[in-house]
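>>> Sharing a model prediction with you, sequence too.
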Amino acid sequence: MDLKSNHTAPVLTDPAPLSKSRLGLHSSLFPYSPSGAAFSPGLFLTIPRKKTGVLDDVRSSSWLDAMKASSPPHRKLAKDVNNEFAPSDADVAYRTWMVKYPSALKSFEQITNHAKGKRIALFLDYDGTLSPIVDNPDCAFMSETMRSAVKKVAKYFPTAIISGRSRNKVYEFVGLTELYYAGSHGMDIMCPVKPSISDDQPSCCRSTDKQGKDVNLFQPAVEFLPMIHEVFTSLVESTKGIEGAKVENNKFCVSVHYRNVDENNWDLVARCVHDILKDYPRLRLTYGRKVLEVRPVINWDKGKAVTFLLESLGLGDCNDVLPIYVGDDRTDEDAFKVLRETNCGYGILVSSKPKENSSAYYSLRDPSEVMEFLNSLVVWTKSSAL
């Protein structure tokens, strides 16, 4: 399905040739390809030879600016002459922005019209999408009503959580066995067993899920585990004197949270990370909402995780599949970009403020609207079956 759009009216047209995955990667790149082609990590590992490769997302000279840009202050409402709250410049800017990224709720009929006759595959971020952003990342709990909504939608569509958290940690938060989980920005994926997988594939191994069912684990960065643990230990030690700083081990990446750090000390956080990373040219730095993330330098992200999951579910080359990805963070843009560039599905950006240059098609304001959208999908599916 090609997807052509002026942002407000996406149109589904003819599918891409089946010799290539609709999501932009040839099937030979996947261990679960229909042909059973061998998968080689060398096809996607891109390790820089110079230490200058450490900061491909954030240059050391502009770290502080990048940290501030990714962590905008809370919006304050202004009052008019009658002492009533009036639309602020931010409100006006957000409404203008929504012309380009319309509400997925208000556009729901348009989305479902395109979904008729197709199988929806649903991909969800966790923090800021299913749960609110909180000061303590260990307390980012989803509500029981949100858990119920996710559980219901997973009865009708294959549903996966793709998070920067470790896979085990995001499972602890969600606690639903009917989902697929991808942690560490897709570097740790639990997916169905496929007979085409090679038993000696170093990036894949056989395991069991919480219900004792056989599954495969795909971990393209497994060789980095000792290095990640080493860096995690060093960062804990180097930041322990910075009040509010928290270092989180997400198995295949390390997150340095500065949400509770005084803004005057953000440069200290950046310097601690820089001083350690300069000795690890095979690691890179990315940033999200008040978090710096240390990740392996491999050509793998949430977008490729979506591609891989669809392939492993046998949906990658199907013309009747409509992937929908819902996320709020900069790292989710990799998934939005894949769906847009391959003309096969919709990205939905969760944000209460304008975020320019997104590859998403639609938007939702916050997790409460995400829950409403999920519930609406269930109601629509039930009514369509009548």
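Okay, I see it.
>>> All the strands of the stretch 251-386 of the chain, in order from the start?
Under the criterion DSSP state E, counting those that start in this stretch, the stretch 251-386 of the chain carries strands at the ranges 254-257, 283-288, 291-296, 321-327, 346-350, 362-364.
>>> Pairing partners for the third one, with directions?
In the sheet, strand 291-296 lines up against strand 254-257 (antiparallel), strand 283-288 (antiparallel) (DSSP bridges).
>>> in the helix or strand containing residue 151, what counts as buried?
Using DSSP states H and E, residue 151 sits within helix 144-154. Buried residues in helix 144-154, counted by 16 or more other Cβ atoms under 10 Å: 146, 147, 149, 150, 151, 152, 153, 154. To be clear about C-beta, it is placed using only N, CA and C from the backbone, and glycine gets the same treatment.
>>> and which of those residues is nearest residue 259?
residue 146 (21.4 Å; Cβ to Cβ).
>>> For the closest one, give me its contacts.
By Cβ atoms under 8 Å, 6 or more residues apart in numbering, the contact list for residue 146 reads 130, 131, 367, 370, 371.
>>> redo that, cut-off 7 Å
130, 367, 371 (Cβ atoms under 7 Å, 6 or more residues apart in numbering).
>>> Next: residue 313.
Per Cβ under 7 Å, 6+ apart, neighbours of residue 313: 158, 192.
>>> 10 Å instead, please
By Cβ atoms under 10 Å, 6 or more residues apart in numbering, the residues touching residue 313 are 32, 119, 121, 158, 160, 180, 191, 192, 194, 321.
>>> ditto for residue 356
Contacts of residue 356 (Cβ under 10 Å, 6+ apart): 97, 100, 101.
>>> confidence score at it?
Note for residue 356: predicted pLDDT of 85.
>>> Among the contacts of residue 356, which ones are in helices?
97, 100 (DSSP state H).
>>> May I ask which of the contacts of residue 356 has the most neighbours?
residue 101 (24 neighbours; other Cβ atoms under 10 Å).
>>> how close does the closest residue to it other than its chain neighbours get to residue 120?
Leaving aside its sequence neighbours, residue 101 sits nearest to residue 363 (Cβ to Cβ, 6 or more residues apart in numbering; 4.2 Å). Relative to residue 120, residue 363 is positioned 19 Å away (criterion: Cβ to Cβ, to the nearest Å).
>>> of these two, who's got more company?
Using other Cβ under 10 Å as the criterion, residue 363 and residue 120 rank with residue 363 on top: 27 against 21.
>>> Distance check, that one against residue 107.
Taking Cβ to Cβ, one finds residue 363 at 9 Å from residue 107.
>>> Now list whatever residues contact both of those two.
Common neighbours of residue 363 and residue 107 (Cβ under 10 Å, 6+ apart) are 101, 348.
>>> any chance of the strands paired with strand 291-296 in JSON lines, plus mean neighbour count, mean pLDDT and distance to residue 66?
Listed next are these as JSON lines, based on neighbours: other Cβ atoms under 10 Å; pLDDT from 0 to 100; distance: least, Cβ to Cβ, whole Å:
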{"stretch": "strand 254-257", "mean neighbour count": "24", "mean pLDDT": "96", "distance to residue 66": "13"}
{"stretch": "strand 283-288", "mean neighbour count": "21", "mean pLDDT": "90", "distance to residue 66": "6"}
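>>> right, and the ones you listed - which one's nearest residue 300?
Nearest to residue 300, of the strands paired with strand 291-296 and by Cβ to Cβ, is strand 283-288 at 11.6 Å.
>>> Just give me the longest helix of the protein.
Using DSSP H, we find that the single longest helix of the chain is helix 367-385.
>>> and the angle from that helix to strand 346-350?
Helix 367-385 runs at 150 degrees relative to strand 346-350, counting by axes from the mean of the first three to the mean of the last three Cα atoms, to 10 degrees.
>>> quick revisit: output the strands of the stretch 251-386 of the chain as JSON lines; include the columns distance to residue 313.
Shown next, in JSON lines, are the strands of the stretch 251-386 of the chain (distance: least, Cβ to Cβ, whole Å):
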{"stretch": "strand 254-257", "distance to residue 313": "28"}
{"stretch": "strand 283-288", "distance to residue 313": "27"}
{"stretch": "strand 291-296", "distance to residue 313": "25"}
{"stretch": "strand 321-327", "distance to residue 313": "9"}
{"stretch": "strand 346-350", "distance to residue 313": "18"}
{"stretch": "strand 362-364", "distance to residue 313": "23"}
